[in-house]
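Enquirer: Sharing a sequence plus its predicted fold:
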Amino acid sequence: MITIKNSVVIRKMEQAGALLADIFCDLKQQIKEGVATGEIDRWIAQQLLLKNLISATKGYMGYQHVSCISVNDEVVHGVPSFSRFLKNGDFIKVDICASWQGYHADMARAFFVGDVSQDAYTLADVAQKALDKGIEKACPGNRLSDISAAIQQEVERHGFGVVRDFAGHGIGKKMHEDPEILNYGESGRGPILRPGMAFAIEPMITKGHYEIFIAEDGWTVKTLDKSLAAHVEDTVLITQQGPKILTRSTTTTL
Ligand code: MF3
Ligand code: CO
């Protein structure tokens, strides 16, 4: 069942989203050569605390961190580690989901460590464009798969792959709610979108083939062919006026 959020809930989700976006704004300065991903996760934990945000991932199915940090061919769910040091040329994706007064926002962005390959820049750019194209379709009266189809079209237009095994999701009281939002598919299918629905839209894209596997740690999702992958995510509310992105604060231009 897709829940319709009332104005009180919406205000809480807006607050969660704005605070999360602020963290992402400051996060950029933390990401540099020589820093361990565990260190970045610890910094994020401090920021969440300062902003009265509660991590949704710490304790989730045994996961012990407040963020997922995925490097190069890691697509999503990279596990922060104090022995994983960032090096020049790394292409990283940071994903954080947290709640404010019981309601969640979920956000991910790509970052570059020093000078990265042209492929990394292009992949990040296309992931962001695909996300925007998907968000554009999050309008009342459209169908769910209109979002999926728009994302797939944008990604494949650039010759990149769309990961099939993971998807976006509804979001609210819980981090993961109905519906599942695929990043591929034909338009015109699925439920009709209505004001008050809230979605975490998150294209996961690959330079090479879209097939993935899960690493020995049981979490990290990596491309099978070792090609670079990108992932970005926003939490979006469907309003009468169209999509409202909750994870972009007034101070952020991410
Ligand atoms: N934020 C992720 C999402 O978009 C969830 C991370 S799942 C975890 O769904 F278990 F790895 F924490
Ligand atoms: Co998500």
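Expert: Noted; the coordinates are in hand. Computed from a prediction, not measured in an experiment: that's the story for all the values here. Ligands and ions are numbered 1, 2, ... in the order given.

Enquirer: these two touch, right, Leu197 and Ile238?
Expert: That one is not Leu; residue 197 is Met. Yes - in terms of CB atoms under 8 Å, Met197 counts as a neighbour of Ile238; the distance is 4.7 Å. Bear in mind the C-beta positions are built from the backbone N, C-alpha and C, glycine included.

Enquirer: ok and the residue in this protein nearest ligand 1?
Expert: Proximity to ligand 1, evaluated over the chain using CB to the nearest ligand atom, is greatest for Thr57 at 3.3 Å.

Enquirer: For Ile181, give its distance to Asp146.
Expert: Counting by CB to CB, to the nearest Å, the gap from Ile181 to Asp146 is 11 Å.

Enquirer: Please say which of Met197 and Ile238 ends up with more neighbours.
Expert: Using other CB atoms under 10 Å as the criterion, Met197 and Ile238 rank with Met197 on top: 25 against 22.

Enquirer: Touching stretch 158-165 from outside, list them.
Expert: 75, 122-123, 126, 151-152, 155-156, 182-184, 203-210, 212, 221, 229 (CB atoms under 8 Å, 6 or more residues apart in numbering).

Enquirer: Spell out for me the ChimeraX command that would select the buried members of the residues you listed.
Expert: Selecting only the buried entries of those in ChimeraX, with 16 or more other CB atoms under 10 Å as the criterion:
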select :75,122,123,126,151,152,155,182,183,184,203,204,205,206,207,208,210,212,221,229
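
Enquirer: Now go through the contacts of stretch 158-165 and say which are in helices.
Expert: With helices identified by DSSP state H, the entries of the contacts of stretch 158-165 that belong to them are 122-123, 126, 151-152, 155-156.

Enquirer: quick check, nearest of those residues to ligand 2?
Expert: When those are compared for distance to ligand 2 (CB to the ion), Ile151 comes out closest, at 13.9 Å.

Enquirer: Kindly state the pLDDT recorded for that closest one?
Expert: Predicted confidence (pLDDT) at Ile151: the value is 99.

Enquirer: What residues does the stretch 101-250 of the chain have near ligand 1?
Expert: Proximity of the stretch 101-250 of the chain to ligand 1, by CB under 6 Å from any ligand atom, involves residues 106, 200, 202, 219, 233.

Enquirer: The last one touches Met107, doesn't it?
Expert: Yes - Glu233 is within contact range of Met107, at 5.6 Å (criterion: CB under 8 Å).

Enquirer: quick one, helices of this structure?
Expert: Assigned by DSSP H, the helices in the chain fall at 7-27, 37-50, 118-136, 144-157.

Enquirer: And the longest one, what does it pack against?
Expert: So the one you mean is helix 7-27. Applying 3 or more CB pairs under 8 Å, 6 or more residues apart in numbering; DSSP states H and E, one finds that helix 7-27 contacts helix 37-50, strand 91-100, strand 103-112, strand 234-239.

Enquirer: Between the ones you listed, which one is closest to ligand 2.
Expert: Taking CB to the ion, strand 103-112 is the member of the helices and strands packed on helix 7-27 nearest to ligand 2, at 4.0 Å.

Enquirer: For ligand 2, see how far away the residue nearest to Lys226 when sequence neighbours are not counted is.
Expert: Take Lys226 and drop its neighbours on the chain: the residue closest to it by CB to CB, 6 or more residues apart in numbering is Asp73, 4.9 Å away. Using CB to the ion, to the nearest Å, one gets 20 Å for the distance from Asp73 to ligand 2.
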